[in-house]
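*Asks:* sequence and predicted structure, then a few things I'm wondering about:
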Amino acid sequence: MSEFRQNPITKNWVLIAPARGKRPDQYKTYSVMLGVPETDPACVFCAGNEHLNREVLRLDSSGERTTGKDWEIRIIPNKFAALEQTAVYRHKEFYISHSGDGEHEVIITRNHNEPVALQSIAVVELSIRTFIERIKTFAKNPELAYVQIFHNHGRDAGASIIHPHYQLLATPIVPPHVHSEILGCYHYYQTHKSCVYCDIIKEELEVKHRVVHDSEHFVVISAYASRSPFETWILPKKHGARFEDMGEEEIKHLSFVLKVTLGQLYTKLSDPPLNFYIHTMPLRQQGGMHSTYEEKDFHWHLTIFPRITIWAGFEFATGIPVNPIAPEVSTKFLKGEG
């Protein structure tokens, strides 16, 4: 039976339409890494081709800066940056524009054919620590408002290079989607005097129908109002507005939980194309634009978004995604229960 469901944070609607769907295992598309070699001499991100890129820094397996060949992570500026450092600002009478100043970096892990799902927990942890270090670095720039970190896996998820990597964009504005979430959290707090994400965690742990994984510090759920099959949220159990404020135990647990969750999708859907991204509070230095009070409302989170369906006319016309697999069904499938 079809059902409209509303996201409790943004108030956006989705249409769960299982009658249009197939069995979950029929949503396997193609394996992103099938047949990809361990190294590729033509890959500009592979070890041995470091000279092809201007480098911000490189880290060894212990997280220390290095100039040697035994690196584990490299950070380079994006050669085709979506943002660049400029000082131009124009405010027209009708249309408003802002200069595209900011930073666009690529964070590269070493092994060419090793997606995050197959990386060691140590490498995933090093990546997470690198994200935190870069956020804190860009927070020192008063011209920047937000740091968005995301991962594209596969051509249908927007990856132009198969070699595993993350992207970081530091922007002078707060992205509208993030702003919408912050506003939704604020309004919920005004009514209920509690964090909406904390209440989602309580509800999901009580109902259990959409809990994919439950650990000491994190809960992984198939989102109630999933925009596409297998949309998955990783939520910290401890309330916190900022990803970069995680403690040591949380960092270690997130590394494990992220690898396990991506591993489930990798195994059950045969390595599908996907994106994942982190939503956190805007940078602190923005003149009180986002107050400490708002940090009581907002709850950072990581969203995994497999790219196994496409938008058609209804979705583009209405802005309402149609999801042919109910999240309760997705959860059972990922856990091997159905």
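*Replies:* Sure, I can see it.
*Asks:* identify each buried residue in the helix ranked longest in the chain, please.
*Replies:* The single longest helix within the chain, with elements called by DSSP state H, is helix 248-268. Neighbour-count burial for helix 248-268, counted by 16 or more other CB atoms under 10 Å, picks out 250, 253-259, 261-262, 264-266, 268. Bear in mind the C-beta positions are built from the backbone N, C-alpha and C, glycine included.
*Asks:* redo these as CSV? Include pLDDT and distance to residue 294.
*Replies:* Output for those, formatted as CSV (pLDDT from 0 to 100; distance: CB to CB, whole Å):
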residue, pLDDT, distance to residue 294
250, 98, 21
253, 98, 26
254, 98, 23
255, 98, 28
256, 97, 30
257, 98, 26
258, 98, 26
259, 97, 31
261, 97, 28
262, 97, 30
264, 96, 33
265, 96, 32
266, 95, 36
268, 94, 37
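*Asks:* on that earlier part again, could you point out which element follows the longest helix of the chain?
*Replies:* Using DSSP states H and E, the next helix or strand after helix 248-268 towards the C-terminus is strand 274-279.
*Asks:* please identify the pairing partners of that next one and their relative orientation?
*Replies:* Looking at strand 274-279 with DSSP bridges, its partner strands are strand 146-153 (antiparallel), strand 301-306 (antiparallel).
*Asks:* strands of the chain, start to end?
*Replies:* Assigned by DSSP state E, the strands in the chain fall at 3-6, 13-16, 57-59, 73-77, 103-109, 146-153, 165-171, 211-214, 218-222, 232-236, 274-279, 301-306, 322-323.
*Asks:* got the contact list for residue 113?
*Replies:* By CB atoms under 8 Å, 6 or more residues apart in numbering, the contact set of residue 113 is 33, 36-38.
*Asks:* what does residue 216 give?
*Replies:* Residue 216 touches 237, 253, counting by CB under 8 Å, 6+ apart.
*Asks:* again, only using 6 Å
*Replies:* If a contact means CB atoms under 6 Å, 6 or more residues apart in numbering, then residue 216 has no contacts.
*Asks:* for residue 324, see how far away it is.
*Replies:* For residue 216, the distance to residue 324 equals 34 Å [CB to CB, to the nearest Å].
*Asks:* separation between the closest residue in space to residue 189 that isn't next to it in sequence and residue 309?
*Replies:* Of all residues not flanking residue 189 in the chain, residue 297 sits nearest, at 4.1 Å (CB to CB, 6 or more residues apart in numbering). Distance, residue 297 to residue 309, by CB to CB: 32 Å.
*Asks:* neighbour count winner among those two?
*Replies:* The residue with more neighbours, out of residue 297 and residue 309, is residue 297; 24 against 20, by other CB atoms under 10 Å.
*Asks:* measure that one to residue 280 for me?
*Replies:* From residue 297 across to residue 280, the span is 13 Å (CB to CB).
*Asks:* okay, which residue is most central for this structure?
*Replies:* A centroid search over the chain (CA atoms, centre = their mean) returns residue 277, at 1.1 Å, as the residue closest to the centre.
*Asks:* wait, what's in contact with that residue?
*Replies:* Each residue near residue 277 by CB under 6 Å, 6+ apart is listed here: 150, 303.
*Asks:* hmm, try it at 10 Å
*Replies:* 148-152, 166-167, 177, 301-305 (CB atoms under 10 Å, 6 or more residues apart in numbering).
*Asks:* filter those residues down to the buried ones, PyMOL style.
*Replies:* Remark: buried members of these, expressed as a PyMOL selection using 16+ other CB under 10 Å:
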select buried, resi 148+149+150+151+152+166+167+301+302+303+304+305
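*Asks:* could the buried residues of helix 248-268 be laid out in TSV, adding distance to residue 48?
*Replies:* Output for those, formatted as TSV (distance: CB to CB, whole Å):
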residue	distance to residue 48
250	36
253	35
254	31
255	27
256	31
257	33
258	28
259	27
261	32
262	27
264	33
265	31
266	27
268	35
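*Asks:* tell me the one among those nearest to residue 62.
*Replies:* Lowest distance from residue 62 to the buried residues of helix 248-268 (CB to CB) belongs to residue 255, with 15.0 Å.
*Asks:* would you agree residue 335 is in contact with residue 211?
*Replies:* Yes. Here residue 335 reaches residue 211: they are 8.8 Å apart, a contact under CB atoms under 10 Å.
*Asks:* and these two? Which one has more around it.
*Replies:* Taking other CB under 10 Å, residue 335 and residue 211 do not tie; residue 211 has more neighbours (17 against 14).
*Asks:* ok, now which ones touch that one?
*Replies:* In this structure, residue 211 makes contact with 201, 204-205, 219-222, 331, 335, judged by CB under 10 Å, 6+ apart.
*Asks:* sorry, back to before: and the buried residues of helix 248-268, which is closest to residue 65?
*Replies:* residue 255 (20.6 Å).
*Asks:* the closest one touches residue 120, doesn't it?
*Replies:* Yes. With contact defined as CB under 10 Å, residue 255 reaches residue 120; the gap is 9.3 Å.
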